[in-house]
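# give me the fold of what follows.
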Amino acid sequence: MPTSNIAGFDSLPERVRAFIALRLDGAVDDAIAELIGRLRAPRHDESASAEPRDRARDDGIRWVRRENFHLTLFFLGPAVAPERLAAVADALGAIAETTAPFEIAAQGVGVFPNPSRPQVIWVGLDGDGLVALAARVAAAVKRCGFSPERRAFAPHLTIGRIRSPRSARLLRRSLGEAANLSFGVSRVERMILYRSETGPEGSTYYELDAFALGQREDGR
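Residues are numbered from 1 along each chain as shown. Below is the predicted model:
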């Protein structure tokens, strides 16, 4: 049975925001960051009556920084007692041992909840074994006392959160053009337990523990 490598619980806050995630390859992150750069480029409202300074788009979107790109397998909660994470880490280690490394393709861009009321901009993710891994993780953390997710697992990487309807309207054409873009394929070889801290410039993520996949793929 694996043992958690998490150290320094005494140095953690009394409650931490924690989640379990996968990271993509650097080249894929670069391609996604390049798309965000294009989407952030100054655009103009098509309304001829608008003043030039009003037509220039003040982004109105909270874009995810490249270093924060990730695929969330399970969000543990915004205020988790650190001592609860050791059991989670042990469970993740056991899952990782019998999960072979696999590939994830990053392709397509869309929005949640729907194009008529977009709030989140995402890149689609797909890979054999990904949904099964997420299900195993969800079952394991439930056994550790965490509540299951209310929504079905939908593999994606969030790249931006829309803060105003005007921003969504100005982006509509660009998002449509990016709908079928391919960003490349990543080989996933580890699973990560993170904590995050929010600040005025966005969230900062810290690795609490990482679990290499495929150390005991035969399950013996």
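# show me what contacts residue 64?
Neighbour list for residue 64: 36, 158, 159, 160, 202 [criterion: C-beta atoms under 8 Å, 6 or more residues apart in numbering]. Glycine gets a C-beta too; all of them are placed from N, C-alpha and C.
# helices - which of those land there?
Among those, the ones falling in helices (DSSP state H) are residue 36.
# all strands for the protein, in order.
Listed in chain order, the strands of the chain (DSSP state E) span residues 16-22, 61-63, 71-80, 102-112, 120-126, 156-162, 182-188, 190-199, 202-212.
# what's the third one packed up against?
In this case it means strand 71-80. Other elements packing on strand 71-80 under the criterion 3 or more C-beta pairs under 8 Å, 6 or more residues apart in numbering; DSSP states H and E are strand 16-22, helix 130-143.
# by how many degrees do that strand and strand 156-162 diverge?
Orientation note: strand 71-80 sits at an angle of 60 degrees relative to strand 156-162 (axes from the mean of the first three to the mean of the last three C-alpha atoms, to 10 degrees).
# paired strands for strand 71-80, with orientation please.
Here strand 71-80 is paired, per DSSP bridges, with strand 16-22 (antiparallel).
# nearest to residue 193, out of the helices and strands packed on strand 71-80?
Nearest of the helices and strands packed on strand 71-80 to residue 193, taken as C-beta to C-beta: strand 16-22 at 5.6 Å.
# quick revisit: now render the strands of the chain as JSON lines, adding mean pLDDT.
Below are those laid out as JSON lines (pLDDT from 0 to 100):
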{"stretch": "strand 16-22", "mean pLDDT": "97"}
{"stretch": "strand 61-63", "mean pLDDT": "91"}
{"stretch": "strand 71-80", "mean pLDDT": "96"}
{"stretch": "strand 102-112", "mean pLDDT": "96"}
{"stretch": "strand 120-126", "mean pLDDT": "96"}
{"stretch": "strand 156-162", "mean pLDDT": "95"}
{"stretch": "strand 182-188", "mean pLDDT": "98"}
{"stretch": "strand 190-199", "mean pLDDT": "94"}
{"stretch": "strand 202-212", "mean pLDDT": "93"}
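# list the contacts for residue 119?
The contact partners of residue 119, by C-beta under 8 Å, 6+ apart, come to 111, 112, 113, 161, 162.
# now do the contacts for the nearest residue to the first one once chain neighbours are set aside.
What that stands for is residue 111. Distances taken as C-beta to C-beta, 6 or more residues apart in numbering put residue 118 closest to residue 111, at 3.7 Å, once the chain neighbours are dropped. Shown in contact with residue 118 (C-beta under 8 Å, 6+ apart): 111, 112, 162, 168, 175.
# can you rerun that using 7 Å?
Applying C-beta atoms under 7 Å, 6 or more residues apart in numbering, we find residue 118 in contact with 111, 162, 168.
# and if you look at residue 124?
Residue 124 touches 107, 108, 110, 156, counting by C-beta under 7 Å, 6+ apart.
# make it 8 Å
Counting by C-beta under 8 Å, 6+ apart, residue 124 makes contact with 106, 107, 108, 109, 110, 155, 156.
# now tabulate those residues in TSV and tack on neighbour count and distance to residue 21.
What follows is those, written out as TSV (neighbours: other C-beta atoms under 10 Å; distance: C-beta to C-beta, whole Å):
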residue	neighbour count	distance to residue 21
106	27	15
107	16	19
108	17	20
109	23	20
110	16	20
155	19	12
156	20	12
